[in-house]
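> Curious how this folds, go ahead:
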Amino acid sequence: MDTPPRLILAGLSGGAGKTILSLGLCRALTDLGLRVQPFKKGPDYIDAAWLGLAARRETSNLDPFMMPGDSLVRLFLRESATADMALIEGNRGLFDGKDTSGSCSTAELARLLQTPVVLIINCTKMTRTVAALVLGCRTFEPNLRLAGVILNRTAGPRHKTILRQCIEQYTDVPVVGILPKIKPDPIPERHMGLVSDQECAEAETTLRNLAAIARDCLDIEAIRAIAASASAVPLPDAPTGSSRGCCFTTGNDAEGGTEPQTGEHESHPPKETAESALQPPRQGKAKLAPLQGHTVRIGVVRDAALWFYYRENLEELRRNGAELVELSLLTPAPWPVIHGLYLGGGFPETQAEQLAQNEATRALVFRLAGQGLPIYAECGGFMYLGQSLICREIVYPMAGVFPVQTMLCAKPQGHGYTVAKVIHPNPFHAVGLEFTGHEFHYSKCVTPLPPDVSFSLEMQRGSGIDQNRDGLVFRNTFACYTHLHALGVPTWAVNFVAAARRYRENGPESDQT
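Next up, the predicted model:
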């Protein structure tokens, strides 16, 4: 398999200007007629969405913590196969990982993909020291190719000249761009990251301006030459079943009718039951084509409140036999018949009033959960399934599936990678499974939890919902703060679709609500 020209834009730390420069370079290259495949290193949804807009091509995340190395390489090769160039935006500092060895760092990703690195340096109040930094980064780890430097946030002409001369005198790393301080920030920040593209009304104008800056300040031909110098990446052997992102520590102890599998497809021929007989009140008549064979329909909420989804999660659901249909929690439009529901993360707090006002949809989700519809909710989706959300001292009613109240706080309540062990049966994960993920939430539960509430996950790493527990379960509804990636937890999509098939076959359970 051919490997396209590629590079990684990395920084010495967060806030170096990686995202702004990646967006500008992506759009500038795209404007030249190149097919640029963007990637975001790490779990970030927002930067990935912006990169997709800039390149006019959907972004994939590459995360050495959440997915096995061979799966990551295969993903990179597959998504970049039709591109003229791949651009990977790093995260944090170049060598920053989860431990003192720099495991899962941007540098590790660069070595894994044999990709040259262009380092972005914030040069505020710095001159000759920049050469020492470049020298240190070039020699710090073997087999890392530091191929260029971009000097960011420089002052006047004298500052730019002395910075360039220092690097040229003391190092052999070329300077491929020098940028001034850009004020105001092209994209405002929030929650230690950029605001989402959906909240930036002038997204296209912003990207055009960033492309103009890239054309003016970067040596784009030199950057393309660096990308073209990358060597080929061999295609890994076929998967063997081993996984860094997920493993079993015990057998499958599922019980109580929920039987999550370890990777094999279930085969349940659907009954001849009319779809309309399975249709809960207010689910509208589907205008979609009739489902074929074992296909099930899973609703995916994608609106201004919830939109954090890895594209591979959705692709794995499709690959296992699901037809996906996008739904909204914000509008009163009727839903088609569905056999499963996926509520991703997002910013429910920014849409709290509208979510609360849409009483019909809140009631529908409550009723579907009571009828046993398989529902998987992450972070913002979990917040929606609680009794209420407190935001700016206002209490907004939510769907009420779980007896919890969440509150938006001023500081993060959970932030970083997670490792979870499944300790309670549920339709999506087998008991004994350990899997990796991440959490990033400013909300927390503020009401005492009832003693009979069931948690499915024990957090080996991370905070979760309550005292290192995560994964609330009610019937076939599972809600947690942990986000997972389907390439790191391959059984998730298999089990989700299998649960949806059981629901389609057996119909709604008796409504005990």
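
> Okay, helices next: where are they in the stretch 1-150 of the chain?
18-31, 46-55, 69-80, 106-112, 129-140 (DSSP state H, counting those that start in this stretch).

> Export these as JSON lines, with columns for mean pLDDT.
Shown next, in JSON lines, are the helices of the stretch 1-150 of the chain (pLDDT from 0 to 100):
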{"stretch": "helix 18-31", "mean pLDDT": "97"}
{"stretch": "helix 46-55", "mean pLDDT": "95"}
{"stretch": "helix 69-80", "mean pLDDT": "96"}
{"stretch": "helix 106-112", "mean pLDDT": "97"}
{"stretch": "helix 129-140", "mean pLDDT": "97"}
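
> Tell me which of the ones you listed lies nearest to residue 299.
Among the helices of the stretch 1-150 of the chain, the nearest to residue 299 by C-beta to C-beta is helix 46-55 (20.8 Å). For glycine as for every other residue, the C-beta is placed from the backbone atoms N, C-alpha and C.

> Tell me what angle the closest one forms with helix 18-31.
Relative orientation of helix 46-55 and helix 18-31, computed by axes from the mean of the first three to the mean of the last three C-alpha atoms, to 10 degrees: 20 degrees.

> How about helix 46-55, which residues are buried there?
Going by neighbour count (16 or more other C-beta atoms under 10 Å), the buried part of helix 46-55 is 46-55.

> go on, stretch 68-88?
68, 70-77, 79-80, 83-88.

> quick revisit: just flag the most distant two among the buried residues of helix 46-55.
It's 46 and 55 that sit farthest apart of the buried residues of helix 46-55, by C-beta to C-beta, at 15.3 Å.

> From the buried residues of helix 46-55, pick the one nearest residue 99.
residue 47 (23.6 Å).

> Test my guess that that closest one contacts residue 19.
Yes - look at residue 47 against residue 19 with C-beta atoms under 8 Å: they come within range, at 5.2 Å.

> Going along the chain, name the helices of this protein.
Listed in chain order, the helices found in the chain under DSSP state H are 18-31, 46-55, 69-80, 106-112, 129-140, 157-170, 203-217, 220-228, 311-319, 352-357, 359-370, 380-385, 490-506.

> of all the helices of the stretch 1-150 of the chain, which lies closest to residue 439?
Nearest of these to residue 439, taken as C-beta to C-beta: helix 46-55 at 15.3 Å.

> What is the distance between the closest one and the centre of its chain?
Centroid separation for helix 46-55 versus its chain: 12 Å, with C-alpha atoms, centre = their mean, to the nearest Å.

> So which residues make contact with it?
Applying C-beta atoms under 8 Å, 6 or more residues apart in numbering, the contact partners of helix 46-55 are 19, 22-24, 26-27, 29-30, 36-40, 58-61, 87, 89, 187, 193-198, 203-204, 207, 210-211, 307.

> That one relative to helix 203-217, how many degrees between them?
Here helix 46-55 points in a direction 80 degrees away from that of helix 203-217 (the same axes, to 10 degrees).

> May I have helix 46-55 as PDB, with CA atoms only?
Output of helix 46-55 as PDB, limited to C-alpha atoms (Å, rounded to 0.1, in the frame of the first residue of the first chain):
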ATOM      1  CA  ILE A  46     -13.100  19.800  18.500                       C
ATOM      2  CA  ASP A  47      -9.700  20.200  16.800                       C
ATOM      3  CA  ALA A  48     -10.600  17.200  14.600                       C
ATOM      4  CA  ALA A  49     -13.800  18.900  13.500                       C
ATOM      5  CA  TRP A  50     -12.000  22.100  12.600                       C
ATOM      6  CA  LEU A  51      -9.300  20.200  10.700                       C
ATOM      7  CA  GLY A  52     -12.100  18.500   8.700                       C
ATOM      8  CA  LEU A  53     -13.500  21.800   7.700                       C
ATOM      9  CA  ALA A  54     -10.100  23.200   6.800                       C
ATOM     10  CA  ALA A  55      -9.300  20.200   4.600                       C
END
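
> show me where pLDDT drops low in the stretch 151-300 of the chain?
The model of the stretch 151-300 of the chain has pLDDT under 70 over residues 188-201, 238-287.

> again, only this time at 90
Low-confidence segments of the stretch 151-300 of the chain (pLDDT under 90): 182-203, 233-294.

> What segments of it are strands?
Ranges of strands in the stretch 151-300 of the chain, per DSSP state E, counting those that start in this stretch, are 175-180, 189-190, 193-194, 246-248, 296-301.

> now for the first one, which elements pack on it?
Packing contacts for strand 175-180, counted by 3 or more C-beta pairs under 8 Å, 6 or more residues apart in numbering; DSSP states H and E, involve strand 146-154, helix 157-170, helix 203-217, helix 220-228.

> orientation of it relative to helix 18-31 in degrees?
110 degrees.

> How about the last one?
Going by the same axes, to 10 degrees, strand 296-301 is angled at 120 degrees with respect to helix 18-31.

> Does anything pack onto strand 296-301? Which helices or strands?
strand 322-327, strand 340-343, helix 490-506.

> any idea which of those is most buried?
Of these, the one with the most neighbours on average (mean count of other C-beta atoms under 10 Å) is strand 340-343, at a mean of 26.

> mind exporting that one as CSV, just the C-alpha atoms?
The C-alpha trace of strand 340-343 is given here as CSV (Å, rounded to 0.1, in the frame of the first residue of the first chain):
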residue,chain,number,x,y,z
GLY,A,340,-30.7,1.3,19.5
LEU,A,341,-29.7,4.8,20.4
TYR,A,342,-26.2,6.4,20.7
LEU,A,343,-25.9,9.6,22.7
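
> Give me the contact list for that strand.
Residues contacting strand 340-343 (C-beta under 8 Å, 6+ apart): 296-301, 306, 309, 317, 322, 327, 365, 368, 373-378, 380-382, 384-385, 479, 496-497, 499-500, 503.

> can you do 6 Å?
With contacts defined as C-beta atoms under 6 Å, 6 or more residues apart in numbering, strand 340-343 is touched by 298-301, 306, 373-377, 381, 500.
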